[in-house]
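Trainee: Below are the sequence and a predicted model for it; my questions follow.
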Amino acid sequence: MNWASQVWPFAHEMKKGEIVVLPSKIKPVIHFDKITGDYEFLPNNGNPYYHARRVERVACDIPRANFDQDILYSFGAFMTICRIKQEERIKAVIQAHNQGKKAQQVIPQEPQDDEEARDIENEALSVITNLMIQKTKGHGLAKIVDAILRAKGFTTYVSPAGPDKGVDILASAGTLGFGSPRICVQVKSSDAPVDRIVLDQLGGVMKNFGAEYGLLVSWSGFKSSVINETAKQFFEIQLWTHKEIIQEFLRYYDQMDAEIKELIPLKKIWVVNTDDE
């Protein structure tokens, strides 16, 4: 019944010219397409890609931080196919992004009880992600990664703000950090995905510092030139995007010091699991 209730509006209620919101699962950005074609059933496609609408991309990689919180709540609605009510404000953000500007934000609104079904877990992760973006611009993200590594039991050295000579954090295990593994960490907090040259530079820095392993952290993800090297670099360099940062941060939050908890204040709650799947 749930699947049918999704396919029906996809086929019959979504109109040509309307905008489709596509939150990325890989990095903290939103993509937008415009519907240009009618519904098509394609039986020769692989499961479950039988249902299709032709679209035209109108905006790509708009940071989630560009949208007000109530809009992000709507993007996190439990139903995959649902109508978003803040259409004009969303279009204003798209237009501003395509013009290289940032739309004026309004006071965030809490979603009303009569709005579409909400995915509370996704909403919470969205709020945490946006708070971390706001609080850790630039060198601040290195402090978060450092806190994660220290909570994991590493002894660390964090380079001061400014030119870092290719390394933001040095981490090692054992007494006073004299043990193994020895890790060089490079942290990038920009809105642009990291290119291959940064990966190659980290490899050189690891040799200069006598490190066995490297960790390349990019909040906005990596270009295909980096992804294509993942298998080759697997036993020497690991890649973290915002997804891994959030996962590791939440996993080790209880072991972090008061400064980090004051910067990103969180508390645990219990909710009833209503997922039928």
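Mentor: Ah, there it is. Bear in mind that the values here come from a model prediction, so they are computed numbers and not experimental data.
Trainee: Where does the prediction get shaky in the stretch 1-150 of the chain?
Mentor: 1-2, 76-79, 103-119 (pLDDT under 70).
Trainee: Just the helices from it, written as ranges.
Mentor: Using DSSP state H, counting those that start in this stretch, the helices found in the stretch 1-150 of the chain span residues 2-8, 69-75, 87-98, 120-135, 140-151.
Trainee: what does the stretch 151-277 of the chain give?
Mentor: 196-209, 224-227, 230-233, 242-251, 258-263.
Trainee: out of those helices, which comes closest to Ser5?
Mentor: helix 242-251 (28.9 Å; C-beta to C-beta). Yep, even glycine has a C-beta here, placed from its N, CA and C like the rest.
Trainee: In contact with Lys91, which residues?
Mentor: Ile19 (C-beta atoms under 8 Å, 6 or more residues apart in numbering).
Trainee: now, of the helices of the stretch 151-277 of the chain, which is deepest in the fold?
Mentor: Highest mean neighbour count among the helices of the stretch 151-277 of the chain (mean count of other C-beta atoms under 10 Å): helix 242-251, with a mean of 17.
Trainee: Just the C-alpha atoms of that one, please, in CSV.
Mentor: What follows is helix 242-251 as a C-alpha-only set of coordinates in CSV (Å, rounded to 0.1, in the frame of the first residue of the first chain):
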residue,chain,number,x,y,z
HIS,A,242,30.3,14.5,6.5
LYS,A,243,28.5,11.2,6.8
GLU,A,244,31.4,9.4,8.5
ILE,A,245,32.1,12.5,10.6
ILE,A,246,28.6,12.5,12.0
GLN,A,247,28.5,8.8,12.5
GLU,A,248,31.8,8.7,14.4
PHE,A,249,30.9,11.9,16.4
LEU,A,250,27.6,10.4,17.6
ARG,A,251,29.3,7.1,18.4
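Trainee: if we can go back for a sec, can I get the helices of the stretch 151-277 of the chain in a markdown table with distance to Ser5?
Mentor: Rendered in a markdown table, the data for the helices of the stretch 151-277 of the chain read as follows (distance: least, C-beta to C-beta, whole Å):
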| stretch | distance to Ser5 |
| --- | --- |
| helix 196-209 | 44 |
| helix 224-227 | 35 |
| helix 230-233 | 38 |
| helix 242-251 | 29 |
| helix 258-263 | 42 |
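Trainee: Redo these as TSV? Include mean pLDDT and distance to Glu56.
Mentor: Formatted as TSV, the helices of the stretch 151-277 of the chain follow (pLDDT from 0 to 100; distance: least, C-beta to C-beta, whole Å):
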stretch	mean pLDDT	distance to Glu56
helix 196-209	92	30
helix 224-227	90	22
helix 230-233	89	31
helix 242-251	92	28
helix 258-263	91	41
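Trainee: Can you tell me which of those is nearest to Lys101?
Mentor: helix 242-251 (23.7 Å).
Trainee: before we move on, back to that, quick check: which of the helices of the stretch 151-277 of the chain is nearest to Val185?
Mentor: Nearest to Val185, of these and by C-beta to C-beta, is helix 196-209 at 8.8 Å.
Trainee: Which residues does the closest one contact?
Mentor: 165-167, 170, 182, 184, 186, 188, 211-214, 216, 218, 223, 225-226, 229, 233, 236-237.
Trainee: picking up where we left off before, what's the closest of the helices of the stretch 151-277 of the chain to Val7?
Mentor: helix 242-251 (28.4 Å).
Trainee: coming back round to it: tell me which of the helices of the stretch 151-277 of the chain approaches Ala4 most closely.
Mentor: helix 242-251 (31.0 Å).
Trainee: Centre of the chain to that closest one, how far?
Mentor: Going by C-alpha atoms, centre = their mean, to the nearest Å, the spacing between the C-alpha centre of helix 242-251 and its chain's C-alpha centre is 10 Å.
Trainee: Minimum distance to His139: which of the helices of the stretch 151-277 of the chain has it?
Mentor: Here helix 258-263 is closest among the helices of the stretch 151-277 of the chain (C-beta to C-beta), at 12.9 Å.
Trainee: That closest one: how far from the chain's middle?
Mentor: With C-alpha atoms, centre = their mean, you get 21 Å for helix 258-263.
Trainee: swap in stretch 70-88?
Mentor: 18 Å.
Trainee: Then stretch 184-200?
Mentor: For stretch 184-200, the distance to the chain centre is 15 Å (C-alpha atoms, centre = their mean).
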